[in-house]
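Visitor: Turn this into a model:
(2 chains)
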Number of protein chains: 2
Amino acid sequence: MANEKNVSKAVISRLPRYYRTLRELADQGTGRISSKELAEQMDLTASQIRQDLSCFGGFGQQGYGYSVDKLIVELERILGVAGSQRAILLGVGNLGRALLRNFDFSYCGVRPIAAFDTAPSVIGSDFRGIQVHALHELEEFCERERPDIAVLCVPADKAQSAAERLVRDGIRGIWNFSNVSLKEDVLGVPVQDVHFSDSLMTLCYRMKDTDPFEFGE
Amino acid sequence: MANEKNVSKAVISRLPRYYRTLRELADQGTGRISSKELAEQMDLTASQIRQDLSCFGGFGQQGYGYSVDKLIVELERILGVAGSQRAILLGVGNLGRALLRNFDFSYCGVRPIAAFDTAPSVIGSDFRGIQVHALHELEEFCERERPDIAVLCVPADKAQSAAERLVRDGIRGIWNFSNVSLKEDVLGVPVQDVHFSDSLMTLCYRMKDTDPFEFGE
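Guide: Predicted structure coming up:
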């Protein structure tokens, strides 16, 4: 673990993709994989793979490759996803419901324990065992249950004040779907923004090469 | 544009973030910015910024910096987001509804023109002017309207076959929310997967440094 501190942001940003690819390989029954095969799966170079994984003590063996299961366990430790963090969700609109109903939190080692909203129509309802509470119960709940993560699905204009309230209530990390950049330095806890637009833009960029007009239509 | 082909994937992956940051700056009334200031905003180094932007003909002037508006226009051209691509959405569950109701497609130069589902309860309804059609009307619609992009919000077990059908119908790019990796080489068009888990994992990783137990609790 000694050299983890020196790992570049670029490597860190690739770790979830390594984890996802390796979990898919394990699900398909793949027990071991060479850096060349993993490179093809991930659209990286083999030397890049070897370099990235060596940062975290993942060393392949000549003629054997990497053990998929061992890498998964190692990545879970590094990513901190094996720790069973407890999450609450704020804002049970369409997006909040989609996450409560369909997102596999356990894949990331996270357990949702409650949701909060202000709308009487949704308070008291239940999504896969997660109950929706009235927002005014937030403080009491946090004091009692001490959740780690808040999933923020509130409207953009309510996001910063909600985030500040959550931090006051002891939340240590915010997964932000509110489509507004939160001031991390003000909050003092990590905020991970989910920007749908980034991936749609990347798609548009990649589609430029397949523009039908280029084929002389 | 001559040197765009040689731009690395790492640079490309940063472009949407550049675009987002610059748009935020423009909204705040910032007309120009130095590489140093932009670096602070984006948590990169100034030399990294200068190197990235020079790939795309963005050259700052000594003592002046970069023109925010010019960079935005340049990035829009490069990203291909100024082209007004037309999109359809498949699967009007909670996530599909959240996108139709709240996501700003126009920010990415994309215009949603229709949605499709199989559930009678949702067919015929309207989200911000986007009508939900019966899925069996898909072929006729695509032949008539020739949409470019499909937003895939169907259940995981239906995703691959839906994607293949869309490509047969002439779709040129897939924005995939179905939480399953689609075989891009089979489809023959770009697929951009949205993996919520990647950002939640990154959050968990970043929270490791703020573990309360480290402060001797």
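Visitor: In chain A, what helix or strand scores lowest on average pLDDT?
Guide: helix A:184-187 (a mean of 83; mean pLDDT, DSSP states H and E).
Visitor: How far off centre is it?
Guide: Put simply, helix A:184-187 sits 20 Å off its chain's centre (C-alpha atoms, centre = their mean, to the nearest Å).
Visitor: so where's chain A uncertain?
Guide: Segments of chain A classed as low confidence (criterion: pLDDT under 70) are A:1-6, A:57-60, A:83, A:209-217.
Visitor: list the contacts for the residue nearest in space to the middle of it?
Guide: Geometric centre of chain A, nearest residue: residue A:108, 6.9 Å, by C-alpha atoms, centre = their mean. Applying C-beta atoms under 8 Å, 6 or more residues apart in numbering or on different chains, one finds that residue A:108 lies in contact with A:81, B:197, B:200, B:201, B:204. Heads up, the C-betas are built off the backbone N, CA and C, glycines and all.
Visitor: Please render those residues as JSON lines that adds distance to residue A:143, neighbour count and secondary structure to the earlier fields.
Guide: Listed next are the contacts of residue A:108 as JSON lines, based on distance: C-beta to C-beta, whole Å; neighbours: other C-beta atoms under 10 Å in any protein chain shown; DSSP: H, G, I helix; E, B strand; the rest coil:
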{"residue": "A:81", "distance to residue A:143": "26", "neighbour count": "25", "secondary structure": "coil"}
{"residue": "B:197", "distance to residue A:143": "29", "neighbour count": "19", "secondary structure": "helix"}
{"residue": "B:200", "distance to residue A:143": "25", "neighbour count": "28", "secondary structure": "helix"}
{"residue": "B:201", "distance to residue A:143": "28", "neighbour count": "26", "secondary structure": "helix"}
{"residue": "B:204", "distance to residue A:143": "23", "neighbour count": "26", "secondary structure": "helix"}
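Visitor: ok, now how distant is residue A:198 from chain B?
Guide: From residue A:198 across to chain B, the span is 4 Å (C-beta to the nearest C-beta, to the nearest Å).
Visitor: buried sites along the lengthiest helix in chain A?
Guide: As assigned by DSSP state H, the longest helix anywhere in chain A is helix A:9-27. Neighbour counts over helix A:9-27 (16 or more other C-beta atoms under 10 Å in any protein chain shown) mark A:11, A:12, A:14, A:15, A:16, A:18, A:19, A:20, A:21, A:22, A:23, A:25 as buried.
Visitor: Equivalent analysis for stretch A:157-173, please.
Guide: Neighbour count says stretch A:157-173 has A:158, A:159, A:160, A:162, A:163, A:165, A:166, A:167, A:169, A:171, A:172, A:173 buried, by 16+ other C-beta under 10 Å.
Visitor: What about those residues, which are in helices?
Guide: Per DSSP H, helices hold the following members of the buried residues of stretch A:157-173: A:158, A:159, A:160, A:162, A:163, A:165, A:166, A:167.
Visitor: Residue A:186 is in contact with the last one, correct?
Guide: This means residue A:167. No: counting by C-beta atoms under 8 Å, residue A:167 stays clear of residue A:186, with 9.0 Å between them.
Visitor: one step back: between the buried residues of stretch A:157-173, which is closest to chain B?
Guide: residue A:173 (4.3 Å; C-beta to the nearest C-beta).
Visitor: The closest one pairs with what?
Guide: Listed by DSSP bridges, the beta-bridge partners for residue A:173 are residue A:149.
Visitor: Do a quick rundown of the strands in chain A.
Guide: With strands called from DSSP state E, chain A shows them at A:32-33, A:66-67, A:85-90, A:110-117, A:126-127, A:130-134, A:149-152, A:173-176, A:191-193.
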